[in-house]
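**Student:** Need a 3D model of the sequence below.
(one chain, ligands or ions: 1)
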Amino acid sequence: MKIKIYNNTDTINSDVEDMIQNLTLFAKDRFGFQAHPSLHLNSDVENAEDTLGKTGYYDPNNMEIHIFVDGRHDKDILRSIAHELVHHWQNEQGMLGDQGYSGPGYAQKNPHLRKMEKEAYLKGNMCFRDWEDSYKATNYNERGNIMSLKEWKNQKLNEKLMKKWFGVIKENNNIEEEVVEESDNVNEEEVVEESENVNEEEVVEETANVNEEELEESTDTAQLEEKIFNAVMAVLKGK
Ligand SMILES: [Zn+2]
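**Tutor:** Numbers count the residues shown, from 1 in each chain. Predicted coordinates:
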């Protein structure tokens with residue numbers, strides 16, 4: 001489910017909106033808030049000219065997050081949103097009700113609100129950092145650029161195939177272990193050595209090579225599967 005974004009700017013494009021949705025779901029999962037806040041991306045030139053102008057705030061009564069975007073880096077905007085999402089979670093937990101003084105200097109004068117602010121900075125920034133790293137790991141290539149659709153499809157395909165074939169390797173290892181236990185005719189040590197040859201690292205290296213060099217060129221699923229299968233079987237046979 002998505003949050004409602006009121007984009008009142010002409011500088012935030014749909015790619016950034018998609019990242020905002022992704023970040024919000026990540027935060028929802030981490031903090032466990034239930035209701036979705038609405039997000040208002042605002043432009044306010046006068047505020048932007050003030051060095052210490054507003055960057056954003058949370059309205060607990062209407063569950064609205066307001067962010068001022070003028071002249072800011074997209075990443076800074078996303079970090080602001082993570083901060084306000086903590087306040088949204090605090091609100092759902094009943095921590096932002098009538099909590100006394102909330103005028104200027106509340107972060108210094110009101111110990112409870114100071115605590116809320118401290119928590120929002122800490123949890124918001126760490127949530128943002130963790131989201132950023134996980135987002136990059138699944139959406140960026142090794143060059144640090146956002147993956148093309150083709151690169152992304154290849155990566156998803158690789159992940160699927162690796163899962164599938166690592167499952168096969170596990171099964172094969174189990175079979176060999178059973179052989180060691182059940183058969184007296186087979187020399188135990190030999191069998192153990194044999195299966196130790198199926199070294200996990202080798203398998204990873206082998207398939208990783210197939211990955212980088214061959215998978216990139218070929219997009220045909222059946223061909224890819226066959227190549228990985230052959231590579232895995234070769235390793236299993238100790239070639
Ligand atoms: Zn705050």
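
**Student:** Which residues are in contact with the residue of the chain found nearest the ion?
**Tutor:** The ion sits closest to A120 of the chain, with a gap of 4.4 Å, by Cβ to the ion. C-betas here are computed from N, CA, C, even on glycine. Neighbour list for A120: 83-84, 86-87, 90 [criterion: Cβ atoms under 8 Å, 6 or more residues apart in numbering].

**Student:** Where does the closest residue in space to L78 that isn't next to it in sequence fall, secondary structure wise?
**Tutor:** Spatial nearest neighbour of L78, chain neighbours left out: L23 (5.8 Å); criterion: Cβ to Cβ, 6 or more residues apart in numbering. Using DSSP states H and E, L23 sits in helix 14-31.

**Student:** Give me the helices and strands touching that helix, please.
**Tutor:** With contacts taken as 3 or more Cβ pairs under 8 Å, 6 or more residues apart in numbering; DSSP states H and E, helix 14-31 sits against strand 5-7, helix 74-92, helix 111-139.

**Student:** secondary structure class for L41?
**Tutor:** When classified by DSSP: H, G, I helix; E, B strand; the rest coil, L41 comes out as strand.

**Student:** Hmm, it is touching I5, no?
**Tutor:** Yes. Using Cβ atoms under 8 Å, L41 is in contact with I5, at 6.8 Å.

**Student:** which one of these two has more residues nearby?
**Tutor:** L41 (22 against 18; other Cβ atoms under 10 Å).

**Student:** so who does the more buried one touch?
**Tutor:** Here L41 is in contact with 5-9, 12, 67, 69, 77 (criterion: Cβ under 8 Å, 6+ apart).

**Student:** These, buried ones only, as a ChimeraX selection?
**Tutor:** Per 16 or more other Cβ atoms under 10 Å, the buried members of the contacts of L41 correspond to this ChimeraX selection:
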select :5,7,9,12,67,69,77
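
**Student:** The contacts of L41 into JSON lines, with extra columns for pLDDT?
**Tutor:** Below are the contacts of L41 laid out as JSON lines (pLDDT from 0 to 100):
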{"residue": "I5", "pLDDT": "97"}
{"residue": "Y6", "pLDDT": "97"}
{"residue": "N7", "pLDDT": "96"}
{"residue": "N8", "pLDDT": "95"}
{"residue": "T9", "pLDDT": "94"}
{"residue": "I12", "pLDDT": "94"}
{"residue": "I67", "pLDDT": "98"}
{"residue": "V69", "pLDDT": "97"}
{"residue": "I77", "pLDDT": "98"}
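
**Student:** I'd like to know how far the residue nearest the centre of the chain sits from F229.
**Tutor:** The structure's the chain has its C-alpha centroid closest to S134; by Cα atoms, centre = their mean the separation is 3.1 Å. Per Cβ to Cβ, to the nearest Å, S134 is found 30 Å from F229.

**Student:** Just the pLDDT for N185.
**Tutor:** pLDDT for N185: 53.

**Student:** Over to H40?
**Tutor:** 98.
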